[in-house]
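Asks: give me the fold of what follows.
(one chain, ligands or ions: 1)
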Amino acid sequence: MPNILLKHATIVTLNDEDAILTDADLAIADDRIVALGEIPADFAADEVLDLSGKIVTPGLYNAHTHAAMVFARGYAEDMSLDRWFNEGIWKLESALSRDMVRWGVRLAMVEMVRGGVIGFADHYFYMDEVAQAVVESGMRANLAWAVFGHEEGEVGITVPETVAFVMRWQGAADGRLRTMFGPHSPYLCSDEFLARTAAVAVREGIGIHIHAAETAGQVEASLAQYDMTPIELLHDRGLFETHTIVAHAIYSNPLDIRILANSNVNVAHCPSTHLRYAMGVTPVPEMLAAGVNVALGADGAGSSVALNLWREMRLAVVMQRQARRDPEALGGLTPLRMAARHGARALGFTESGALAPGYQADLIVIDATQTHYQPIHSVVASLVWNTEPADVQDVMVAGRWLMRDRKLLTLDEETIRVGFQQALAEMMAKPLGQFKTYEVGA
Ligand SMILES: [Zn+2]
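Replies: Numbering: from 1, shown residues only. You can find the predicted model right below:
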């Protein structure tokens, strides 16, 4: 790969000091950042970019999503979470096909890369299709095949099949691909299945990506059945003895937060879904203060409508400020750090999420020369409060451009849109059954 030199940029490093460099240079060799600020005199660049007026930041991570679910965008609106499951999504998913996942994930990737998202933690079905799409797109991903763990004839796979999937793709695509177990949740999976999954995960060194504590009703049901909150139950059954991503964790009490922090659990906070379905306010400031790695997820577009991490950042902030009447909550770079650095850590990409020598060259360039950015009194405020996906000009993963000047270089947008529409039409023409039922108190 060519040596690349970025010049005259404003660089938001998200390093340990949160340094922001102005009129700065950044040198890339192969897949890594070799220098920033002072560039060694002997660095020979094959490609030099003048980024005057542009802002360079680490690429963003979507830490909890069901990427292929873009097919359900706007399908089940204005309803409670249980109706959304029972009357909307779990009817539609009875007609889910491999083809729908193949094209759905590619459509989602176009949307994500265009918005500066370089990696995603996916939790869905037909995951070999998703893995193949990750290989082709140049993105990073951590993939979990969703399983429920009982009854025959369901969409989903067995524990041995999951292990095989995990082993097939772990570390593939030059390390851009990681894999995990994906038991759906403590409210859909049996207690025994969760414990068995945890035991195999710990034995084989495999991570776990799971939903939990989404509603007060789920906590009440868990207390009634196990005398433990969902977080306590997952901890007790051994799921936190490996690298774990817990999506949502909205209803986490102080003891739950201590468990999450002490067990190094990664929480994927999904503000759009939580707000749109009036699910509650996650104690994010308390989690961060306790040392929990809280990352941001866009969830599936069926509940969030968009895979837009800039929107998730802002909603995460305003949700806390309004709920607490505290205009200082989650200030400064906090939301960007959650979306980038915490996201990279949640997915297990330890050399990504910050711009520093030796780190992977995973970065995005934002065109802040546009009128709606003027004036820039604060780079941080402009970035967090003003940036839309369309402002992302370039996207690089491991030293390779996935987008340059808004042109996608690895994904063929036209072909993807045609394939997606075709798969969607076939899916919508099928008679719908009931894929699953949500029976926990809302
Ligand atoms: Zn989810």
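
Asks: can you give me the end-to-end distance of stretch 394-411?
Replies: Using CA to CA, to the nearest Å, the end-to-end distance of stretch 394-411 comes to 14 Å.

Asks: where in the chain is pLDDT low?
Replies: Of all residues in the chain, those with pLDDT under 70 make up the ranges 150-156, 441-442.

Asks: the stretch 1-150 of the chain: strands as residue ranges?
Replies: With DSSP state E, counting those that start in this stretch applied, the stretch 1-150 of the chain shows strands at 4-12, 20-29, 32-36, 47-50, 54-58, 60-65, 117-124, 140-147, listed in chain order.

Asks: can you give me the buried ones in stretch 99-110?
Replies: Of the residues in stretch 99-110, those scored as buried under the neighbour-count criterion (16 or more other CB atoms under 10 Å) are Asp99, Met100, Val101, Arg102, Trp103, Gly104, Val105, Arg106, Leu107, Ala108, Met109, Val110. Using the backbone N, CA and C atoms, a C-beta is placed for each residue, glycine as well.

Asks: kindly apply the preceding question to stretch 221-230 instead.
Replies: Ala221, Ser222, Met228, Thr229, Pro230.

Asks: Gln393 touches Lys407, doesn't it?
Replies: No: here Gln393 lies out of contact with Lys407, judged by CB atoms under 8 Å, at a distance of 10.0 Å.

Asks: out of the strands of the stretch 1-150 of the chain, nearest to Thr369?
Replies: Nearest to Thr369 among these is strand 54-58; the distance by CB to CB comes to 7.1 Å.

Asks: okay, the buried residues of stretch 99-110 in a markdown table with distance to Ala329 next?
Replies: Conversion of the buried residues of stretch 99-110 to a markdown table gives the following (distance: CB to CB, whole Å):
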| residue | distance to Ala329 |
| --- | --- |
| Asp99 | 44 |
| Met100 | 39 |
| Val101 | 38 |
| Arg102 | 41 |
| Trp103 | 40 |
| Gly104 | 35 |
| Val105 | 34 |
| Arg106 | 37 |
| Leu107 | 34 |
| Ala108 | 30 |
| Met109 | 32 |
| Val110 | 33 |
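
Asks: for Gly238, give its distance to Ala198.
Replies: 4 Å (CB to CB, to the nearest Å).

Asks: before we move on, what about Asn293?
Replies: Using CB to CB, Asn293 is found at 20 Å from Ala198.

Asks: try Met167
Replies: Using CB to CB, Met167 is found at 18 Å from Ala198.

Asks: the more surrounded of those two?
Replies: Neighbour tally, Met167 and Ala198, criterion other CB atoms under 10 Å: the higher count belongs to Ala198, 23 against 12.

Asks: which one's more surrounded, Gln393 and Lys407?
Replies: Neighbours were counted for Gln393 and for Lys407 using other CB under 10 Å; Gln393 has more, 21 against 10.

Asks: can you pull the contacts of that one?
Replies: For Gln393, the residues meeting the contact criterion (CB atoms under 8 Å, 6 or more residues apart in numbering) are Lys54, Val365, Ile366, Asp367, Met403, Asp405, Arg406.

Asks: show me where the stretch 301-442 of the chain has strands.
Replies: Under DSSP E, counting those that start in this stretch, the stretch 301-442 of the chain gives strands at 363-367, 392-397, 400-404, 407-408.
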